[in-house]
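[1] the following comprises the amino acid sequence and a computationally predicted model.
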Number of protein chains: 2
Amino acid sequence: MSNRYQTEATLGRPTMRHVAALAGVGIKTVSRVMNDEPGVSESTRLRVLEASQQLNYQLDMAAGSLRRTGRQTLSIGLLLPSVSNPFSGEIHRALEDSLAERGIAVFAASLDDDPQREKALVAAFLGRRVDGLVLTPIAKSQAYVIPEHSRDLPMVFIDREPVGIDADAVVTDNAVGAATAASHLLAHGHRKLAYLGDRTEIQTARERRQGFIEELGRAGLATSAVPVREGLHDEESARLAARELLASDDPPTAIFSSQNLVTFGVMRALKELGASKRVALVGFDDFTLADMMEPGITVIAQHPERIGKLAAERLVARIDGDRIAPATYIVPSELIVRGSGEIPPS
Amino acid sequence: MSNRYQTEATLGRPTMRHVAALAGVGIKTVSRVMNDEPGVSESTRLRVLEASQQLNYQLDMAAGSLRRTGRQTLSIGLLLPSVSNPFSGEIHRALEDSLAERGIAVFAASLDDDPQREKALVAAFLGRRVDGLVLTPIAKSQAYVIPEHSRDLPMVFIDREPVGIDADAVVTDNAVGAATAASHLLAHGHRKLAYLGDRTEIQTARERRQGFIEELGRAGLATSAVPVREGLHDEESARLAARELLASDDPPTAIFSSQNLVTFGVMRALKELGASKRVALVGFDDFTLADMMEPGITVIAQHPERIGKLAAERLVARIDGDRIAPATYIVPSELIVRGSGEIPPS
DNA sequence: TTGAAAGCGCTAACAA
DNA sequence: TTGTTAGCGCTTTCAA
């Protein structure tokens, strides 16, 4: 009876059988205790607990979820542009905070603008049987996850809406935010405005450009005459584009930049030309030390922490069986006035 | 014979048995194909592959690792101060890049300076049977992981050395970096220097203070007379401490700040007092836009990407069975000259 | 309140 | 080259 289970000390990780043997109970009783299930007398419970502590026993979640109804692994996959990107970091953090309450752990991975990687990483997550997916889509289409989505794998897209699949999404009001930037600059008297933006393959970049340009049109400006410089994906290309623009015959008196790195490039160009206090600038995306610049940089701030929190809420709702129709949730951006956007036209 | 396995379409996820049934082969043959094992004829392999694609089959890694020798899950746990902290983000990214080559996925979680959380998160990782752990220690002692470490769970500590356990660590040369800051300021003629630092419970903060002060002592300064303000954990407390220091009877002509947020607070105080170009400043940790400040901020830069890469290398070596004695690996910091640290004493 | 037996999806060991 | 059987550590089911 007592040597049903291996009793001697093991080098490997102890299992429930080891604990059961040490406590002198059946394996199912150990399972009940470890999972806080009812139906165990207090004295038995204590004996099991003591044995498990003595052996430093740790429940194997993976083995458990293999048999458990629902088969949840209490882990999700998160796909970000890059875990080293501060915007992504904020989203990640907000998600983590919301999911930690449920004991859900997060696999995080970086896409690096590589559509191939997107599919490979999703496959890697699926192979690990995640309970849900939070994805920043980058590939042309997300139709490849339709099979999983149909099998009810919870899925929330963030930052950009997915293409080719009808699923939940949480995004910033890019066009509205960009239009706010435009009307802010217009209100300060500018009539010669320029747009500097990221690559046009990026949906959010297109939305921001469109929102900006359309607002100028609504104000009666000839939108075809608005200088638009796109395809800027790093600081240096933005710096060069801004310099070129500012050196032209009819330079803009105000610039709107669609993204952090572009904003940095423009700031650098303005500084080099000694024009920081003469040319107005509004950037999309807030950043650390924006208020410490000279002048402070006026921005359209996104709220990554709200995006992350909302995405977590939607995901958890789906995990809990919510079957309402997929929807896109919009997180408003916010104009933060700091000086650079309030410079009048020269 | 043909109805050994369930053949009809299933709503749930398909298993190897479904693929085997569809391809008309045994389950082990499917296993061989999915794992790229030899001993399968090309024609069989193709049939299996086709069946698996048709069913959208995905290997269940967790189930596999339950039985597989070595029982690896191809996932590791990463504990960071916060995933939203840019320094942590860089480390995370470097780790991810190194581990992705091996198909290892990363569970990331944030500590938030909470020693309780450290233990809980490690337990959560262990319950998910990670193949290794990369940890930023924050609790007073890491002796609680000794059982796992003894069972050969690979483990690398980063940023700070662990206490109460002899394990691999990858850290910055904090004292040397701080001493470099001191000698740099001394070389520029300063004799009245001040130290503003983080909470003394943090090992790295203590090392930086010690390195800085000792270097001043080596140069013949009365170290007991050097103003030291510690316990600064955010921008605001640092700003106030700096203001107070600069308003004293005998204000310092140079300041060394031990950490990013402290540096920001000092920068703010200097700006408020119009002293940015009069008082020298060297900060520990590099940050975005440091070169865009007026003057640019001279820093002792850490190399998070190197820390992450080295940690990944050590972890993978341990996973592959490396048994050499645990050691601490030091990543040198680097002085980056930008202007604020080269201001002469007034 | 307790536990024995079956089986989750897979791989190891071995047989054909 | 292929397949069968056992069993990884756990939860479910059901009986005691």
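    That came through fine. Numbers count the residues shown, from 1 in each chain, chains lettered A, B, ... in the order given.

[2] would stretch A:273-283 count as contacting chain B?
    No: Stretch A:273-283 is not in contact with chain B by C-beta under 8 Å from any C-beta of the partner chain; minimum separation 9.8 Å. Backbone N, C-alpha and C define where each C-beta goes, glycine included.

[3] got the buried residues for that stretch?
    By 16 or more other C-beta atoms under 10 Å in any protein chain shown, the buried positions in stretch A:273-283 come out as A:275-276, A:279-283.

[4] please enumerate the helices of the stretch 101-250 of chain A.
    Remark: helices assigned in the stretch 101-250 of chain A by DSSP state H, counting those that start in this stretch are A:115-127, A:146-150, A:174-187, A:203-218, A:235-246.

[5] circling back: wait, which of the buried residues of stretch A:273-283 is closest to chain B?
    Proximity of the buried residues of stretch A:273-283 to chain B (C-beta to the nearest C-beta) peaks at A:S276, which lies at 9.8 Å.

[6] what's the helix or strand for the nearest residue to that closest one once chain neighbours are set aside?
    Among residues not flanking A:S276 along the chain, A:L270 sits closest, at 4.5 Å (C-beta to C-beta, 6 or more residues apart in numbering or on different chains). Under the criterion DSSP states H and E, the helix or strand holding A:L270 is helix A:260-272.

[7] and A:S98, what element?
    Using DSSP H and E, A:S98 falls in helix A:86-100.

[8] mean pLDDT and mean neighbour count added to the helices of the stretch 101-250 of chain A, as CSV?
    Output for the helices of the stretch 101-250 of chain A, formatted as CSV (pLDDT from 0 to 100; neighbours: other C-beta atoms under 10 Å in any protein chain shown):
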stretch, mean pLDDT, mean neighbour count
helix A:115-127, 96, 18
helix A:146-150, 94, 16
helix A:174-187, 98, 22
helix A:203-218, 97, 21
helix A:235-246, 98, 20
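
[9] got TSV for those, with distance to B:V316 too?
    Listed next are the helices of the stretch 101-250 of chain A as TSV, based on distance: least, C-beta to C-beta, whole Å:
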stretch	distance to B:V316
helix A:115-127	17
helix A:146-150	30
helix A:174-187	41
helix A:203-218	36
helix A:235-246	33
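
[10] could you dump those to TSV with distance to DNA strand C?
    Converted to TSV, those look like this (distance: least, C-beta to the nearest atom of the strand, whole Å):
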stretch	distance to DNA strand C
helix A:115-127	9
helix A:146-150	15
helix A:174-187	41
helix A:203-218	35
helix A:235-246	46
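
[11] find the closest residue to DNA strand C in the stretch 151-300 of chain A.
    Taking C-beta to the nearest atom of the strand as the measure, the point where the stretch 151-300 of chain A comes nearest DNA strand C is A:R151, at 12.3 Å.

[12] can you give me the angle the helix holding A:S98 makes with helix B:86-100?
    On the basis of axes from the mean of the first three to the mean of the last three C-alpha atoms, to 10 degrees, helix A:86-100 is oriented at 80 degrees to helix B:86-100.

[13] can you get me a residue count around whichever residue of the stretch 51-200 of chain A sits closest to DNA strand D?
    Proximity to DNA strand D, evaluated over the stretch 51-200 of chain A using C-beta to the nearest atom of the strand, is greatest for A:G64 at 3.0 Å. For A:G64, the neighbour count with other C-beta atoms under 10 Å in any protein chain shown is 18.

[14] surely A:P86 and B:F87 touch.
    No: applying C-beta atoms under 8 Å, one finds A:P86 not in contact with B:F87, separated by 10.9 Å.

[15] near chain B, which residues of the stretch 151-300 of chain A?
    Residues of the stretch 151-300 of chain A lying close to chain B by C-beta under 8 Å from any C-beta are A:151, A:264, A:267-268, A:271, A:287-289, A:292-294.

[16] for the residues you listed, pick the one with the most neighbours.
    Neighbour counts for those (other C-beta under 10 Å) peak at A:M267, which has 25 neighbours.

[17] now do it against A:V176, distance only.
    Distance of A:M267 to A:V176, computed by C-beta to C-beta, to the nearest Å: 24 Å.

[18] over to A:V262?
    A:V262 is 19 Å from A:V176, where distance means C-beta to C-beta.

[19] same thing with A:G12?
    58 Å.

[20] and for A:T298?
    Distance from A:T298 to A:V176, by C-beta to C-beta: 16 Å.

[21] return the residues of chain A in contact with DNA strand D.
    Proximity of chain A to DNA strand D (C-beta under 7 Å from any atom of the strand) is limited to residues A:12-13, A:15-17, A:27-28, A:31, A:34-35, A:59-60, A:63-64, A:66-69.

[22] among those, which ones are buried?
    Buried members of the residues of chain A next to DNA strand D, counted by 16+ other C-beta under 10 Å: A:13, A:15-16, A:27, A:31, A:34, A:59-60, A:63-64.

[23] ok, so of these, who is nearest B:F212?
    A:R13 (45.1 Å; C-beta to C-beta).

[24] now the residue nearest to the closest one when sequence neighbours are not counted: phi and psi?
    Excluding its sequence neighbours, the residue lying closest to A:R13 (C-beta to C-beta, 6+ apart) is B:R151, at 6.3 Å. With angles defined as degrees, to the nearest 10, B:R151 shows backbone torsions of phi -80, psi 20.

[25] I figured B:R151 was touching A:P14, is that so?
    No: using C-beta under 8 Å, B:R151 is not in contact with A:P14, being 9.4 Å away.

[26] pick out the residue nearest the middle of chain A.
    A:I91 (4.3 Å; C-alpha atoms, centre = their mean).

[27] list the contacts of the closest residue to that residue other than its chain neighbours.
    The shortest distance from A:I91 to any residue other than its chain neighbours is 4.1 Å, reached at A:G308 (C-beta to C-beta, 6+ apart). If you count contacts by C-beta atoms under 8 Å, 6 or more residues apart in numbering or on different chains, A:G308 has them with A:90-95, A:97-98, A:158.

[28] where does pLDDT dip in chain A?
    By pLDDT under 70, the weakly predicted segments of chain A are A:1-11.

[29] kindly recompute the last result at 50.
    A:1-10 (pLDDT under 50).

[30] strands along that one, start to end?
    Secondary structure of chain A (DSSP state E): strands at A:75-80, A:105-110, A:132-135, A:155-158, A:168-172, A:193-196, A:228-229, A:254-257, A:280-284, A:298-301, A:328-331, A:334-336.

[31] just say which of those is most tucked in.
    Of the strands of chain A, the one with the most neighbours on average (mean count of other C-beta atoms under 10 Å in any protein chain shown) is strand A:254-257, at a mean of 31.

[32] direction included, what does that strand pair against?
    Paired with strand A:254-257 in the same sheet, following DSSP bridges, are strand A:193-196 (parallel), strand A:280-284 (parallel).

[33] what lies in contact with the first one?
    Contact partners of strand A:193-196, identified using C-beta under 8 Å, 6+ apart, comprise A:182, A:185-186, A:209, A:212-213, A:216, A:221, A:226-230, A:232, A:238, A:241-242, A:245, A:252-258, A:262, A:265-266.

[34] same thing with the last one?
    Counting contacts by C-beta under 8 Å, 6+ apart, the residues outside strand A:280-284 that touch it are A:174, A:177-178, A:181, A:184-185, A:188, A:190, A:208, A:253-260, A:262-263, A:266-267, A:270, A:290, A:297-300, A:302, A:333, A:340-345.

[35] what's the nearest residue in chain A when you look at DNA strand C?
    Counting by C-beta to the nearest atom of the strand, chain A gets nearest DNA strand C through A:G26, at 2.8 Å.

[36] around that residue, how many other residues sit close by?
    Using other C-beta under 10 Å, A:G26 has 14 neighbouring residues.

[37] return the residues in contact with the nearest residue to it once chain neighbours are set aside.
    The shortest distance from A:G26 to any non-neighbouring residue, by C-beta to C-beta, 6+ apart, is to A:A20 (6.0 Å). Neighbouring residues of A:A20 by C-beta under 8 Å, 6+ apart: A:5, A:26-27, A:29-30, A:48.
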